[in-house]
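Undergrad: pasting the sequence and the predicted coordinates here, then a few questions.
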Amino acid sequence: MLKKIADDLLKWYDHAARDLLWRQDKDPYKIWVSEIMLQQTRVEAVKPYYERWINRYPDAQTLADSSEEEVMRYWQGLGYYARARNLLRGVREVCSSYNGRVPDDKLAIQSIPGIGEYTAGAILSIAYDRAEPAVDGNVLRVFSRLYCISEEISQANVKKRIAELVRQAIPTERPGDFNQALMELGATVCTPRNPCCSDCPVIDFCVAFQKQRQADLPVKRQKTRAKAILLASVIIQQQDRYLLIRRPNQGLLAGMWEFPTVEIIEESAIESSLSEYLQRIAGVSFAMGEKMFDLTHLFSHRKWEISFYKGSVSINEKAQSLGETSKTAQYGWFYPAEWPQLCFAGPHQKAVHYLLSAKNNDS
DNA sequence: AAGCCGGGGCG
DNA sequence: CGCCCAGGCTT
């Protein structure tokens, strides 16, 4: 029975599998990169990033030798930026402690930063032909339906049970293809909404389909809604350069650049709040100008509503502050021509596009 | 166990 | 608009 599921699934996979760059060889480093990029990220979004990445960093050593600054630029726009930092750390660890070879041991590989339960199983099965489960959101959904599991799937014991069910079904011949086939099925047929059961290669084994419960599964607890936050940002220009500030090294959008921004607590206190902030961060006196535009940006757990204003700083302190720009500074004055070299926080990247296109229309 | 961490596509 | 995605780490 389990054997038949694996056979049918693999037969389906052999003709239904999408042609993806990272499926062209089993280089553990390349599989690793693809799995990290694919975490919580759709295949279509990953494609261009993966291609550019492999062209620039074809092997672990090349990546290990690169600067975090540059690596972050190659990741810019993909989201979840800790993934890139962990990948760089992990690759450096592999080069220094494992002689450049990605470990094939479950315990060792899972101790590498950024590689957890799922990614460990994915790399071991795909790159090393090891019969390890790789249980991601797709597999949880597929199995919750196959076995009609109606408990909440984020619970640790439910995940563990599903991992064991997968383990029992893994064929020894093609464990990597089997895991990928499960994910492919979840991504293209056994989808979250409107699963296409008529196309399913394992419909005969699906308990949820037999009970017509597939639309009710998997059961997930509801997430807390994104909290709205009001922000004010200022565009400050001095002699063709603009003031930018680097966000703290921890937390949301860590270490990325943005226009000076404060949270609006009191509508009437925007200017004083910005003044205090700019005095503290950059040591300049500030005067607010006209409003330029509004912008909203939705994260998974937060919603930013930003108003952008023009602003200026006092002449006296200008000369002093213009000299402060440096790569490691928490703030700096940059020409628009330098902006493309910087990692902007998502919402501010939108503002940059707006400003640059407005500039081009002027000239 | 729950919260944090991005960005985009889709119904 | 809300949901979800080839999750991992921190608290």
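TA: Looks like it arrived, so ask away. Quantities reported herein were computed from a predicted structural model and do not represent experimental measurements.
Undergrad: quick check: closest non-adjacent residue to A:Ala169.
TA: The shortest distance from A:Ala169 to any non-neighbouring residue, by CB to CB, 6 or more residues apart in numbering, is to A:Leu2 (4.6 Å). The way it works is simple: take the backbone N, C-alpha and C, and place the C-beta from them, glycine included.
Undergrad: revised request: answer the last question for A:Cys148.
TA: A:Val207 is the one closest to A:Cys148 (CB to CB, 6+ apart), at 3.9 Å.
Undergrad: count the neighbours of that neighbour for me.
TA: Neighbour count of A:Val207, defined by other CB atoms under 10 Å: 14.
Undergrad: cool, A:Ile112 as well?
TA: 23.
Undergrad: same check on A:Lys30?
TA: Residues lying near A:Lys30 (other CB under 10 Å) number 23.
Undergrad: who touches it in this structure?
TA: Neighbouring residues of A:Lys30 by CB atoms under 8 Å, 6 or more residues apart in numbering: A:Trp22, A:Ile54.
Undergrad: next up, identify which helix or strand it is on.
TA: helix A:28-38 (DSSP states H and E).
Undergrad: may I have the phi/psi pair for A:Ala20?
TA: Wrong residue type there; residue A:20 is Leu, not Ala. phi -120, psi 140 (degrees, to the nearest 10).
Undergrad: tell me who's in contact with the nearest residue to it once chain neighbours are set aside.
TA: Closest residue to A:Leu20 apart from its sequence neighbours, by CB to CB, 6+ apart: A:Val43 at 6.8 Å. When contacts are counted by CB under 8 Å, 6+ apart, A:Val43 touches A:Arg18, A:Leu20, A:Ala187.
Undergrad: per-residue confidence at A:Val43?
TA: On the pLDDT scale, A:Val43 is placed at 94.
Undergrad: ok, now the one 3 residues further on?
TA: The pLDDT attached to A:Val46 in the predicted structure is 96.
Undergrad: so it, which of the three states?
TA: Following DSSP: H, G, I helix; E, B strand; the rest coil, we place A:Val46 in the helix state.
Undergrad: which bits of chain A sit near DNA strand B?
TA: A:40-42, A:44-45, A:77-82, A:154-157, A:193-194, A:221, A:224, A:251-254, A:297-302, A:345-347, A:349 (CB under 7 Å from any atom of the strand).
Undergrad: nearest to DNA strand B: which residue in chain A?
TA: A:Gly346 (2.2 Å; CB to the nearest atom of the strand).
Undergrad: for that residue, give me its contacts.
TA: A:Gly346 makes contact with A:Gly79, A:Leu253, A:His297 under the criterion CB under 8 Å, 6+ apart.
Undergrad: show the pLDDT at it.
TA: At A:Gly346, pLDDT is 81.
Undergrad: next one: it from A:Gly77, what distance?
TA: Distance, A:Gly346 to A:Gly77, by CB to CB, to the nearest Å: 8 Å.
Undergrad: any low-confidence regions in the stretch 201-350 of chain A?
TA: A:222-226, A:300, A:315-329 (pLDDT under 70).
Undergrad: make sure A:Gly311 is indeed in a helix.
TA: No - under three-state DSSP, A:Gly311 falls outside any helix and is assigned strand.
Undergrad: thought it was touching A:Glu290?
TA: No - A:Gly311 is beyond contact range of A:Glu290, at 9.6 Å (criterion: CB atoms under 8 Å).
Undergrad: ok, stretch A:181-192 near DNA strand C or not?
TA: Yes - Stretch A:181-192 comes into contact with DNA strand C (CB under 7 Å from any atom of the strand), by way of A:Met183, A:Glu184, A:Gly186, A:Ala187, A:Pro192.
Undergrad: mark which of these are part of helices, please.
TA: A:Met183, A:Glu184, A:Gly186, A:Ala187 (DSSP state H).
Undergrad: quickly list the domain ranges of chain A.
TA: Taking automatic domain parsing as the reference, chain A has its domains at A:2-216, A:227-362.
Undergrad: from the chain's centre, how far out does the longest one sit?
TA: Remark: domain A:2-216 is offset 15 Å from the chain centroid, using CA atoms, centre = their mean, to the nearest Å.
Undergrad: endpoints of that domain, how far apart?
TA: 24 Å (CA to CA, to the nearest Å).
Undergrad: A:Val71: what's it in contact with?
TA: A:Leu63, A:Ala84, A:Arg85, A:Leu87, A:Leu88.
Undergrad: returning to that earlier point: the more surrounded of A:Gly311 and A:Glu290?
TA: Higher neighbour count among A:Gly311 and A:Glu290: A:Gly311, with 24 against 7, using other CB under 10 Å.
Undergrad: in the sheet, who's paired with that one?
TA: Beta bridges link A:Gly311 to A:Ile236, A:Met288, judged by DSSP bridges.
Undergrad: how near is it to A:Arg247?
TA: Taking CB to CB, one finds A:Gly311 at 19 Å from A:Arg247.
Undergrad: all strands for chain A, in order.
TA: Applying DSSP state E to chain A gives strands spanning A:227-238, A:241-246, A:257-258, A:261-263, A:286-298, A:302-313, A:331-334.
Undergrad: ok, which of the ones you listed comes nearest DNA strand C?
TA: Using CB to the nearest atom of the strand, these put strand A:286-298 closest to DNA strand C, at 7.1 Å.
Undergrad: show me what the closest one is in contact with.
TA: A:226, A:234-236, A:270-271, A:274-275, A:278-279, A:303-314, A:346-347, A:350-351, A:354.
Undergrad: try 7 Å this time
TA: With contacts defined as CB atoms under 7 Å, 6 or more residues apart in numbering, strand A:286-298 is touched by A:226, A:234-235, A:271, A:274-275, A:278, A:303-313, A:346-347, A:350-351, A:354.
Undergrad: fine by me, we can end here.
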